[in-house]
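K.L.:
This is a predicted model, with the sequence first.
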Amino acid sequence: MSAKTGKRRRQKRYAMAMDPRQCVGCAACVLACKAENEVPEGAFRDWIVDEIRGRYPNLQREFRSERCHHCSNPPCVAACPTGASHVAEGGTVLVAQNKCTGCKACVVACPYGARYVHPKGYVDKCTFCAHRTARGQDPACVEICPTNALTFGDADDPQGSLGRLLASRAHRKLKEEAGCRPNLYILAKGGQ
């Protein structure tokens with residue numbers, strides 16, 4: 001509650017939208033993430049999916065930039081025996097390196113394959129660049145994207161850039177049937 005107004009401050013729900021109409025599969029987001037977060041060689045916090053759907057000769061190709069979906073009901077957090085995997089401010093799912101034993105229970109629980117074991121023995125993953133967002137900056141992947149295929153923000157703020165985008169474009173979430181309530185939105189290729 002704010003001392004001045006007596007009103008409760010609304011919690012943010014950080015999320016990301018990915019526009020496959022804009023993504024060209026260049027992997028600038030992957031490289032920016034690796035550089036920003038000092039991700040070790042052979043490991044990735046985000047990646048490019050190149051998916052071909054349909055039947056010949058009516059095929060469609062889609063590039064998608066994917067990462068942790070920062071679920072509102074994260075199975076990785078429930079599976080973690082030490083409390084290292086946790087939900088932080090803004091709904092961002094993080095791993096406390098000093099509590100992680102590297103047991104991989106969270107790796108197995110994640111339906112998106114978004115976690116890996118760091119060579120130092122702890123599990124690592126996308127953090128939506130929490131160190132940057134705490135300063136009011138976008139995650140490195142969003143900032144670097146040359147086609148503006150990624151939008152980050154508070155999904156519950158109808159006046160914010162992400163809230164306006166989600167209200168104006170049809171979208172889907174991957175593997176919703178898992179019950180995780182993911183916060184990574186894939187925008188529809190068509191109009192509304």
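P.N.:
That came through fine.
K.L.:
In terms of helix, strand or coil, where does residue 143 fall?
P.N.:
helix (DSSP: H, G, I helix; E, B strand; the rest coil).
K.L.:
how long is stretch 162-173 end to end?
P.N.:
15 Å (Cα to Cα, to the nearest Å).
K.L.:
got the phi/psi numbers for the closest residue in space to residue 141 that isn't next to it in sequence?
P.N.:
Closest residue to residue 141 apart from its sequence neighbours, by Cβ to Cβ, 6 or more residues apart in numbering: residue 29 at 3.6 Å. (C-beta placed from N, C-alpha, C; glycine too.) Per-residue torsions, residue 29: phi -60, psi -40 (degrees, to the nearest 10).
K.L.:
my guess is residue 29 meets residue 146, correct?
P.N.:
No: counting by Cβ atoms under 8 Å, residue 29 sits too far from residue 146 to count as a contact (9.6 Å).
K.L.:
So if I had to pick from those two, which one is more boxed in?
P.N.:
residue 29 (27 against 10; other Cβ atoms under 10 Å).
K.L.:
Now stretch 23-41: average pLDDT?
P.N.:
For stretch 23-41, the mean pLDDT works out to 97.
K.L.:
Pull out the buried positions in it.
P.N.:
Across stretch 23-41, burial judged by 16 or more other Cβ atoms under 10 Å covers 23, 26-30, 32-34, 36-37, 39.
K.L.:
Return it as PDB; C-alpha atoms alone will do.
P.N.:
C-alpha atoms of stretch 23-41 as PDB (Å, rounded to 0.1, in the frame of the first residue of the first chain):
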ATOM      1  CA  CYS A  23      10.900 -12.600 -37.200                       C
ATOM      2  CA  VAL A  24      13.400 -13.500 -39.900                       C
ATOM      3  CA  GLY A  25      15.300 -16.100 -37.900                       C
ATOM      4  CA  CYS A  26      18.500 -14.000 -37.700                       C
ATOM      5  CA  ALA A  27      19.300 -15.100 -34.100                       C
ATOM      6  CA  ALA A  28      20.300 -11.500 -33.000                       C
ATOM      7  CA  CYS A  29      18.200 -12.100 -29.900                       C
ATOM      8  CA  VAL A  30      20.100 -15.300 -29.100                       C
ATOM      9  CA  LEU A  31      23.500 -13.600 -29.500                       C
ATOM     10  CA  ALA A  32      22.400 -10.500 -27.500                       C
ATOM     11  CA  CYS A  33      21.200 -12.800 -24.700                       C
ATOM     12  CA  LYS A  34      24.500 -14.800 -24.700                       C
ATOM     13  CA  ALA A  35      26.600 -11.600 -24.500                       C
ATOM     14  CA  GLU A  36      24.400  -9.800 -21.900                       C
ATOM     15  CA  ASN A  37      24.100 -12.700 -19.600                       C
ATOM     16  CA  GLU A  38      27.500 -14.400 -20.200                       C
ATOM     17  CA  VAL A  39      25.800 -17.600 -21.200                       C
ATOM     18  CA  PRO A  40      28.500 -20.400 -21.600                       C
ATOM     19  CA  GLU A  41      29.400 -21.900 -25.000                       C
END
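K.L.:
Much appreciated, bye for now.
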